[in-house]
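> quick one: sequence plus predicted model below, questions after.
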Amino acid sequence: MLTANARTAWDRGIRAYDASILDADAWGHGVELVRDVLATIGLEARTHHVGVTSADSVPVASRTDMLSAIALFGLPGAEHPAVPALRLTGTVLSVKDLREGEGVSYGYAYRASADTRVALVTGGYAQGIVRALGGAVDVAVAGERHPVVGRVAMDVCVVDITDAAVRRGDEVLFLGDPAEGEPSLVEWVRAAGLTAGELVTMVGLRAGREETS
């Protein structure tokens, strides 16, 4: 989706991007991947200087004429047709029954109020699933929403799946496109009290990165 957003900007006549896009390991997507996408489209890096002029300086395009990080990454507030570039997924490692009163994760901060089923899922704070999201957001499995419960660990978290037909190996969607009813950064911002930019940059190096069209 990075490519789609960059191409949309090109079609609108934008030929340069704000060099800050390549900061913070390219906002969670990987700096090399982002640089390659922008170069393939033909966009050039420019530094936006405010209120600085000189006799021999080359004018830099105004910020409205440069591709911003919000537009490229499809962050909340981006104008249509930009779409969220980041899809963050995990995998179900195991499924187990959880009886009323039984707890999960560190310190058993969550205890089941009734008999249920839970899934252990790859994806923890090392992959950008910040701890504040435990008990506060949903994931999607096969298009159905399920809450993250208990404390988020380094590489895994626990999801309450009740009676859903969830199996080992199923894909779990942490972040997707809100226009499709998928979990979104807007929900994470509300739960974590961080900005969308801060959250996407927390997607760690231990998460695999792949550009899709």
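Alright, I've got the coordinates.
> CA atoms only for the worst-scoring helix or strand of the chain on mean pLDDT, dumped as PDB, please.
When each helix and strand of the chain is scored by mean pLDDT, DSSP states H and E, helix 24-27 comes last, with a mean of 79. Presented in PDB, the C-alpha positions along helix 24-27 are these (Å, rounded to 0.1, in the frame of the first residue of the first chain):
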ATOM      1  CA  ALA A  24      12.600   6.600  12.800                       C
ATOM      2  CA  ASP A  25      13.400   3.600  10.600                       C
ATOM      3  CA  ALA A  26      10.900   5.000   8.100                       C
ATOM      4  CA  TRP A  27       8.100   5.100  10.600                       C
END
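> what's the first helix or strand after it?
helix 31-41 (DSSP states H and E).
> who are the packing partners of the least confident helix or strand of the chain?
Contacts defined by 3 or more Cβ pairs under 8 Å, 6 or more residues apart in numbering; DSSP states H and E place helix 24-27 against helix 31-41, helix 196-201. For the C-beta atoms, the positions are set from N, CA and C on the backbone; glycine is no exception.
> among those helices, which comes closest to Glu171?
helix 196-201 (19.9 Å; Cβ to Cβ).
> quick check: mean pLDDT of the closest one?
Here helix 196-201 scores 90 as its mean pLDDT.
> and Tyr17, which of the three is it?
strand (DSSP: H, G, I helix; E, B strand; the rest coil).
> give me the pLDDT value at it.
93.
> ok, Pro81 touching Asp11?
No. Using Cβ atoms under 8 Å, Pro81 is not in contact with Asp11; the gap is 9.9 Å.
> pretty sure Leu194 sits against Arg131.
No. In this structure, Leu194 is not within contact of Arg131 by Cβ under 8 Å, at 11.4 Å.
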